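> Any chance you could fold what I've pasted below:
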Amino acid sequence: MLLGLSTGNAVGLAVVAGTFVVFAIVSALVVPHRWPDFPGRHLRWFIVVTLVLFVATLAAVEVFAKEPKEEATMGETTTERAGTTTQAPKPPPAPAGDPAAGKEVFNSQGCGSCHTFAAAQSAGAVGPDLDEGLQGQSVKEIEQSITDPNAKITQGFQPNIMPENYEQTIDPKDLKLLVDFLYENAGKTQQK
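Numbering: from 1, shown residues only. You can find the predicted model right below:
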């Protein structure tokens, strides 16, 4: 353990622990050889000194054996175990507009069972054709069509067909990925 510590911490821990070890050896081997009745009438002082050195050694281990935490670099987390520090890779968050992630959200939410959308290879006919219906819509309009589908009904379709609880059931990050996927793949004429 001492090899893993910084020089200052190793010296501090060695001094305190060394003092306790020297005291133990001297009081067990040297002093009784010269004074056979040791500690005799000084038993209380011997116990006090022993306890003080014991507590000081424990405190030194707590103080000196603890290295400062290393700052985690971007994409990594720091984990401390028994005086060692390891860096574990942390997956980066999916970037906004990630086509694969947005398509995955589209498919996992079952959007393709109701909507036709070429970018997702879906051919649903219950709801509007998104290749046509999203043309010219802004990001905000696309998001509103998901979170408040009855705010603007596409001509030829009835209200209350699309569930109105997607704002509560889709994670906000996934909702952003879905909206970005729809926006980026609905046509080149759209404007934010």
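> So for Gly8, what's the pLDDT?
Here the pLDDT value assigned to Gly8 is 66.
> need the contact list for Ile142.
Going by CB atoms under 8 Å, 6 or more residues apart in numbering, Ile142 touches 134, 179, 182-183, 186. C-beta here means a position set from N, CA and C on the backbone, and glycine is covered the same way.
> at 10 Å what do you get?
130, 133-134, 178-183, 186, 190 (CB atoms under 10 Å, 6 or more residues apart in numbering).
> buried sites along the longest helix seen in the chain?
Here the longest helix in the chain is taken by residue count, with DSSP state H as the criterion, and it is helix 43-64. For helix 43-64, the neighbour count (16 or more other CB atoms under 10 Å) marks 53, 57, 60, 64 as buried.
> surely the second one meets Thr19?
I take that to be Thr57. Yes - contact criterion CB atoms under 10 Å: Thr57 and Thr19 qualify, at 8.2 Å.
> Isn't Leu182 up against Gln144?
No - using CB under 10 Å, Leu182 makes no contact with Gln144, being 12.0 Å away.
> higher neighbour count, the two?
Counted by other CB atoms under 10 Å, Leu182 and Gln144 do not tie: Leu182 has more neighbours, with 28 against 16.
> Point out where this structure drops to low pLDDT.
Across the chain, the ranges flagged by pLDDT under 70 are 1-8, 66-97, 187-192.
> can you give me the strands in it?
Ranges of strands in the chain, per DSSP state E, are 76-81, 84-89, 116-117, 122-123.
> rewinding a little: now for Leu182 and Gln144: what residues contact both?
Counting by CB under 10 Å, 6+ apart, the contacts common to Leu182 and Gln144 are Gln137.
> what sits up against stretch 23-30?
31-32, 38-39, 46, 49-50, 52-54.
> How is this structure partitioned into domains?
Following the assignment in automatic domain parsing, the chain carries domains at 2-68+84-89, 99-185.
> Give me whichever of those domains is most buried.
Ranked by mean neighbour count, the domains of the chain are led by domain 99-185 with a mean of 16 (mean count of other CB atoms under 10 Å).
> That concludes my questions; thank you for your assistance.
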